[in-house]
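In: Got a predicted model here, sequence first, then my questions.
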Amino acid sequence: MTDQSTENSKSMSIIVTKGTLDWAYPPFILGTTAAAMDVNVTMFFTFYGLQLLKKDLEHLQISTLGNPGMEMPMMGMHMSMPNMVSTIPGVDAMCTTMMKNLIKKKGVASIPELREAAIDSDVELIGCQMTMDLFEFSEDDLIKDIEVGGAATYMEKALKSDINLFI
């Protein structure tokens with residue numbers, strides 16, 4: 001990884017707090033894009049965002065609850081998902097399957113692929129120690145290419161960053 005004190009280098013930190021399939025895309029896309037533009041990127045995974053550092057990502061789902069802007073292309077039109085739909089058993093699983101199929105059909109990289117691209121691009125991935133303790137995760141539950149640290153670890157990076165994002 002490039003030294004952050006290098007003249008003219010840019011840096012970005014991202015706090016990743018969401019652990020659903022749809023919320024996994026923005027931090028990884030922004031992080032890998034910035035890294036491809038020679039930006040030093042740190043991603044800090046806390047609370048439900050820590051789910052994105054688990055070894056297996058098959059558990060990632062879409063949640064229709066509280067997501068009134070969600071529209072899925074179906075039968076040549078866009079079908080919106082009202083909040084009330086989320087009360088029906090199986091709807092989130094159905095929407096997750098639909099989203100995964102759409103991602104595959106459109107050739108969009110999967111979250112495991114984007115996470116690997118982040119690692120390959122020297123994006124610094126930090127898992128929140130407090131969250132690990134709170135939810136009783138061990139380092140064995142997470143991928144190996146990460147650092148574990150707390151708020152102070154994140155703040156050390158964020159205070160030196162040109163760009164700070166909360167996703």
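Out: It's in. Just so we're clear, the structure is a prediction, and the values are computed from it rather than from any experiment.

In: Could you pull up the contacting residues of the residue nearest to residue 93 when sequence neighbours are not counted?
Out: Closest residue in space to residue 93, ignoring its immediate chain neighbours: residue 61 at 6.9 Å, by Cβ to Cβ, 6 or more residues apart in numbering. In short, each C-beta sits where N, CA and C put it, glycine included. Residue 61 is in contact with 20-21, 92-93, 96, counting by Cβ atoms under 8 Å, 6 or more residues apart in numbering.

In: Need phi/psi at the most centrally placed residue in the chain.
Out: Among the residues of the chain, the one closest to the centroid is residue 24, at 3.3 Å (Cα atoms, centre = their mean). When quoted as degrees, to the nearest 10, the phi and psi of residue 24 stand at phi -80, psi -30.

In: Count the neighbours of the nearest residue to it once chain neighbours are set aside for me.
Out: Using Cβ to Cβ, 6+ apart and skipping residues adjacent in sequence, the residue nearest residue 24 is residue 111, 4.7 Å away. Neighbours of residue 111 under the rule other Cβ atoms under 10 Å: 15.

In: Roughly how far does residue 111 sit from residue 60?
Out: Applying Cβ to Cβ, to the nearest Å, the value for residue 111 to residue 60 is 6 Å.
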